[in-house]
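whatever this is, show me its structure:
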Amino acid sequence: MSPRNIDELDAAILNILQEGIDLVERPFQAIGERAGLTEEEVMTRIGALKEGTIRQISAIFDTRTLGYSSSLVAARIAPERLDEAAAIINRHPGVTHNYKRNHSFNLWFTLAVPPNSRLGLEETVRILGEQAGVEAIRMLPTLKLFKIGVNLDMSGKQDLTKTKAAPQYREEDRSQASRVVTERDIRMIRELQKDLPVVPRPFDQWAVNAGVTVQELLEGAKAFVDKKQMRRYSAVLNHRKAGYTANGMGVWMVPPERTDEVGYRMAEFKAVSHCYLRPVYEDWPYNIFTMVHGRSVDECESILQAIEDETGITQRITLYSTKEYKKTRVSYFTPEMDAWEDEVIRRGEAGTAAAKGEVDYAAGKN
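Residues are numbered from 1 along each chain as shown. Predicted coordinates for the structure are as follows:
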């Protein structure tokens, strides 16, 4: 069933928003044409949904193709210090997701740094680990992307243990993407990554800010999609308020010779929003990660069991988030990153503790 207070028209709008909205001057009018509603009705409903269910409507860029370096990071922290450590890590503007999970590695966050970072990804992770007082920290960068793209079924009609769909964006797309980003591109990216205002012509002011016409901004956005630098222009939902109250990170021990075969088969499950090949360590033997979202823990477990039954991979554990410390989008080409690095360098933290053994640190190696 759909969550309370979301009727069938709301569910239809949410599904359209997740699939990707049309990059036109009046996008809410275009949504109305698809949903059988007027532009005003669509804006009224979306305005209400943005009070809780919709987290953001914006461009979803691919971090790597814009020149950023990124990684999932797992940290082991004394439980009594976890909240404090999470708050310290969250100060970094490139930390977008940060969760407490049910494992000895109990804090999991994602980090991205720009192409002009003076510290780089590994040094930034080390500094964050030292600042937060972690006992151990492991970088788990993506070695191969089998799938990325959250699309929650709001109709309530799909059997998530069986429904399959071709991945929207995977390694082949990323490998074909353009890596060229011009100053004009950056001006447009800074606007397109913002939350879309619910007004009839939401792109008009952004075009002014970027120093281009509205048509040039929209054509630029479509070009980002064609160049595979933007995965889509769509909504991200607040999962819990959308009725998906559980998210399980299923991690699997897959024989190296089977990772491609198994990864792509796992990615076909629509309930899997992210599927990656990541490095292993002596204390972390799991190499394929599948993120699933369900309406309950039982549903997540049923989805993961269906994946296990299909692939024959049985060595897995599931890490559930028990507390959300941060969830946002990467803000590209903004001054906050420079300010954070300026402060770290000013305090003399860069490069002062590397390889000294204060923290059990390891960079990603397969």
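
CA atoms for contacts and neighbours, from now on please.
OK.

tell me where the longest helix sits in the chain.
helix 297-311 (DSSP state H).

next secondary structure after that helix?
strand 316-327 (DSSP states H and E).

now that following strand, how far from the centre of its chain.
Mean-position distance between strand 316-327 and its chain equals 14 Å (Cα atoms, centre = their mean, to the nearest Å).

sorry, back to before: so which elements touch the longest helix of the chain?
strand 246-252, helix 259-267, strand 288-294 (3 or more Cα pairs under 8 Å, 6 or more residues apart in numbering; DSSP states H and E).

deepest of those, which one?
Comparing these by mean neighbour count (mean count of other Cα atoms under 10 Å), strand 288-294 ranks first with a mean of 25.

who does that one touch, helix- and strand-wise?
The elements that strand 288-294 packs onto, with contact taken as 3+ Cα pairs under 8 Å, 6+ apart, are strand 246-252, helix 259-267, strand 272-277, helix 297-311.

quick check: angle from that strand to helix 297-311?
140 degrees (axes from the mean of the first three to the mean of the last three Cα atoms, to 10 degrees).

got the contact list for strand 288-294?
Strand 288-294 is contacted from outside by 152, 244-254, 259, 263, 266-267, 271-278, 300, 303-304, using Cα atoms under 8 Å, 6 or more residues apart in numbering.

and the angle for it with strand 246-252?
Using the same axes, to 10 degrees: strand 288-294 against strand 246-252 is 160 degrees.

which residues of the stretch 101-250 of the chain fall in helices?
120-132, 171-176, 183-192, 204-210, 214-226 (DSSP state H, counting those that start in this stretch).

I'd like the ones you listed written out as TSV, with mean neighbour count, distance to Asp83 and mean pLDDT added.
Output for the helices of the stretch 101-250 of the chain, formatted as TSV (neighbours: other Cα atoms under 10 Å; distance: least, Cα to Cα, whole Å; pLDDT from 0 to 100):
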stretch	mean neighbour count	distance to Asp83	mean pLDDT
helix 120-132	20	10	97
helix 171-176	14	35	94
helix 183-192	18	31	98
helix 204-210	17	37	98
helix 214-226	18	38	98
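
among the helices and strands packed on helix 297-311, which is nearest Asp7?
strand 288-294 (19.3 Å; Cα to Cα).

check the average confidence over that closest one, would you?
Taken as a whole, strand 288-294 has an average pLDDT of 94.

could you dump that strand to PDB, C-alpha only?
Taking Å, rounded to 0.1, in the frame of the first residue of the first chain, the C-alpha atoms of strand 288-294 are listed here in PDB:
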ATOM      1  CA  ILE A 288      29.800  -6.600  -3.900                       C
ATOM      2  CA  PHE A 289      27.400  -4.100  -2.300                       C
ATOM      3  CA  THR A 290      23.700  -4.000  -3.000                       C
ATOM      4  CA  MET A 291      21.500  -1.300  -1.400                       C
ATOM      5  CA  VAL A 292      17.900  -2.200  -1.100                       C
ATOM      6  CA  HIS A 293      15.000  -0.200   0.100                       C
ATOM      7  CA  GLY A 294      11.900  -1.800   1.600                       C
END
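
make 186 the starting number, not 1.
Right, with 186 as the first residue, what we last looked at is strand 473-479.

what lines up beside it in the sheet?
According to DSSP bridges, strand 473-479 forms sheet pairs with strand 431-437 (antiparallel), strand 457-462 (antiparallel).

what does the longest one contact?
When contacts are defined by Cα under 8 Å, 6+ apart, strand 431-437 is touched by residues 425, 471-482, 485, 489, 498-506.
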